[in-house]
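Peer 1: Any chance you could fold what I've pasted below:
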Amino acid sequence: MVQRSIDGIIPPQPDDMTKKKSFNYSKYYKRTLASLAVLLLIVGLSFCAVYIYRDIFVTPDPIPSTIRKSVNFTVYYPGSKKLPVGYTLDARSISASKNAVILSVNYGHNDQIVFTEQPLPSNTDLLTFYAQRIPLRNNLTTPVGQAAISALNNQTFVSLPADKTWIIITAPDNINQAQLKQVLMSITQG
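Peer 2: This next block holds a predicted model:
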C-alpha cells in the first residue's frame, strides 16, 4: 500500500527502486559443500564395505581359468581361509591333463596332501571300488559330498564324490585326523 502524506503521495525512495534482491551465494555454497561431503562419505563407506566383504567372505579362486576350461568336470580346491593353521594350498602344484586335475596342500616339514580330481564314475563303479579297495572306512559329510576316509597302501586315503567330480585325496598315514577333517570341510568349487 502506498503511503500518503499531508502533501499527497510519498514518492518512492531511489534506493528501493535500484535495489534488487541479491542471490545468497554463501548459503548455496554451504549446502553444496554439505551435500558433497555426505556423498563422499557414502561412497567411502561403500568402498570399505565391499573391501571388507571381499576380504573376509570371498576367497579368490586359485584355479586358473585355463585349467577349468581344459576339463569337463567341476574343479574343487581347499579354501585357504578355512585350512588349519600351517596348511597352505600350493598354487605351483596345480596342474591338469585332459582327464585329471592335481593340486596339493603343504603342511609341517615337507608333508603334503595330494588332491587328484577326475570325472565321477558311475555309482556301481564307485561302490565296487569301495568294496574291493577300502572296505573299512569312516564317512564324513562335507559341504561338497560324502567323504569316505580310510587307509590304502600305507597312506590316508579319502574318496570324495562331488557333483561331477571324484576327488581322491592321499595324505601321510600319520596325519592329524582332526586337521584332515578340517581340510575336507574347507573344500569348495570357487
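
Peer 1: and after the helix or strand harbouring residue 169, which helix or strand comes next?
Peer 2: Using DSSP states H and E, the element containing residue 169 is strand 165-172. The helix or strand immediately downstream of strand 165-172 is helix 177-185, counting by DSSP H and E.

Peer 1: Could you identify the helix or strand that succeeds that following helix?
Peer 2: Counting by DSSP H and E, what follows helix 177-185 is strand 187-188.

Peer 1: for that next one, what is the average pLDDT?
Peer 2: The average pLDDT within strand 187-188 is 96.

Peer 1: cool, and stretch 35-48?
Peer 2: For stretch 35-48, mean pLDDT is 84.

Peer 1: got a list of contacts for it?
Peer 2: Outside stretch 35-48, no residue is within contact range by C-beta atoms under 8 Å, 6 or more residues apart in numbering. C-beta coordinates here come from the backbone N, C-alpha and C atoms, glycine included.

Peer 1: Against which helices or strands is the strand holding residue 169 packed?
Peer 2: strand 111-119, strand 155-161 (3 or more C-beta pairs under 8 Å, 6 or more residues apart in numbering; DSSP states H and E).

Peer 1: all strands of the chain, in order?
Peer 2: Taking DSSP state E, the strands of the chain run over residues 77-78, 88-96, 101-107, 111-119, 138-142, 145-152, 155-161, 165-172, 187-188.

Peer 1: Which stretch among those is buried most, on average?
Peer 2: strand 77-78 (a mean of 24; mean count of other C-beta atoms under 10 Å).

Peer 1: Which elements pack onto that strand?
Peer 2: Contacting strand 77-78 under the criterion 3+ C-beta pairs under 8 Å, 6+ apart are the following elements: strand 88-96, strand 187-188.

Peer 1: Direction included, what does that strand pair up with?
Peer 2: Paired with strand 77-78 in the same sheet, following DSSP bridges, are strand 187-188 (antiparallel).

Peer 1: How about residue 68, nearest residue that isn't a chain neighbour?
Peer 2: With C-beta to C-beta, 6 or more residues apart in numbering as the criterion, residue 68 has its nearest non-adjacent residue at 5.4 Å, and that residue is residue 75.

Peer 1: what's the neighbour count on the one you found?
Peer 2: Per other C-beta atoms under 10 Å, the neighbour tally for residue 75 reads 23.

Peer 1: Surely it and residue 116 touch.
Peer 2: No. The pair residue 75 / residue 116 is not scored as a contact, 11.6 Å apart, by C-beta atoms under 8 Å.
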